[in-house]
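Asker: sharing a model prediction with you, sequence too.
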Amino acid sequence: MQLTVPSPVGPLLLTERGGAIVSLEFARRRAPARSTSPLLRQASRELAEYFDGRRRAFDLPLAPQGTAFQGRVWRLMRAIPYGGTMSYGEMAKRLKTAARAVGGACGRNPLPILVPCHRVLGAGSALGGYSGAGGLATKRYLLKLEGARTG
């Protein structure tokens, strides 16, 4: 099942499968209304609360599909607290891998915002990249929303 929800960074298309959210995509436009589920309605509420500054963590079952390595990177991203940041290099050190590999996994994150890849920065707090719609402007918006300090 899918549901498109409005947000300050454009429409977001949520996909649920097997009782978990499996993807969040930056949609070009709202998808036609379809039947929805309690989980998708909960995700919509939680995202609205997040963008209103009333939610700092999501209480949703997430099931991103990826490699074992990508899963390790995404779990570490979820551990970065609201308003906090971590560098690609620091993540790489913790995971005993290369910063480029971490960047690749960040870029393949199927659940941006929910798995907060926007909190991962380059060396010296440089923004690095962002694969979501709007690119770095969206990343800046999300970091500012959370009150994160960047370089």
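Answerer: Perfect, thanks for sending it.
Asker: give the buried residues for the longest helix seen in the chain.
Answerer: Identified as the longest helix of the chain according to DSSP state H is helix 38-51. Neighbour counts over helix 38-51 (16 or more other CB atoms under 10 Å) mark 39, 40, 43, 44, 46, 47, 50, 51 as buried. Quick note: C-beta positions are derived from backbone N, CA and C, even for glycine.
Asker: at which residues are the helices of this structure located?
Answerer: Secondary structure of the chain by DSSP H: the helices cover 38-51, 68-78, 88-95, 99-107, 136-146.
Asker: before we move on, back to that, can you add distance to residue 93 and pLDDT and give the buried residues of helix 38-51 back as JSON lines?
Answerer: Conversion of those to JSON lines gives the following (distance: CB to CB, whole Å; pLDDT from 0 to 100):
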{"residue": "39", "distance to residue 93": "36", "pLDDT": "97"}
{"residue": "40", "distance to residue 93": "37", "pLDDT": "95"}
{"residue": "43", "distance to residue 93": "33", "pLDDT": "97"}
{"residue": "44", "distance to residue 93": "37", "pLDDT": "96"}
{"residue": "46", "distance to residue 93": "32", "pLDDT": "98"}
{"residue": "47", "distance to residue 93": "32", "pLDDT": "98"}
{"residue": "50", "distance to residue 93": "29", "pLDDT": "98"}
{"residue": "51", "distance to residue 93": "32", "pLDDT": "97"}
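Asker: list the contacts of residue 23.
Answerer: The contact partners of residue 23, taken as CB atoms under 8 Å, 6 or more residues apart in numbering, are 13, 14, 15, 64, 110, 111.
Asker: on the pLDDT front, check it for me.
Answerer: Per-residue pLDDT puts residue 23 at 96.
Asker: again, but for residue 148
Answerer: So residue 148 comes in at 90 (pLDDT).
Asker: neighbours of it, how many?
Answerer: By the measure other CB atoms under 10 Å, the count of residues near residue 148 is 20.
Asker: for residue 40, see how far away it is.
Answerer: 28 Å (CB to CB, to the nearest Å).
Asker: was I right to think residue 44 contacts residue 6?
Answerer: No - in this structure, residue 44 is not within contact of residue 6 by CB atoms under 8 Å, at 9.0 Å.
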